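[1] no sequence on this one, just coordinates:
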């Protein structure tokens, strides 16, 4: 019975380690992707403005909001 438990641990431990390593790598990739992609999306604002224009039947005075100012550290 003890030998069987040793076999299970010899298979389970590396599997858990690989799973943990994959999760860490995945989180690093997601974090890097978030840094590369900004949150300012002018197309979304343009769609909102177009809907308002259709609703009002004319032009609106809404301008696209400016992105947040970047600051150097």
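    Structure's in. What do you need? Nothing here was measured: the structure is a model prediction, and the numbers come from that model.

[2] look up how far residue 27 lies from the most centrally placed residue in the chain.
    Centroid-nearest residue in the chain: residue 34, 5.2 Å away (criterion: C-alpha atoms, centre = their mean). Computed as C-beta to C-beta, to the nearest Å, the residue 34 to residue 27 distance reads 11 Å. The C-beta positions use only the backbone N, C-alpha and C, and glycine is treated the same way.

[3] go on, residue 68?
    Taken as C-beta to C-beta, the span from residue 68 to residue 27 is 25 Å.

[4] lowest average confidence, helix or strand, in the chain?
    helix 42-56 (a mean of 79; mean pLDDT, DSSP states H and E).

[5] from the chain's centre, how far out does that one sit?
    Here helix 42-56 is found 25 Å from its chain centre; the criterion is C-alpha atoms, centre = their mean, to the nearest Å.

[6] quick one: the helix ranked longest in the chain to chain centroid distance?
    Longest helix in the chain, counting residues (DSSP state H): helix 2-36. Remark: helix 2-36 is offset 21 Å from the chain centroid, using C-alpha atoms, centre = their mean.

[7] could you shift the numbering so residue one becomes 21, and keep it that way?
    With the count now opening at 21, the last piece we talked about shows up as helix 22-56.

[8] what about it, average pLDDT?
    The average pLDDT within helix 22-56 is 86.
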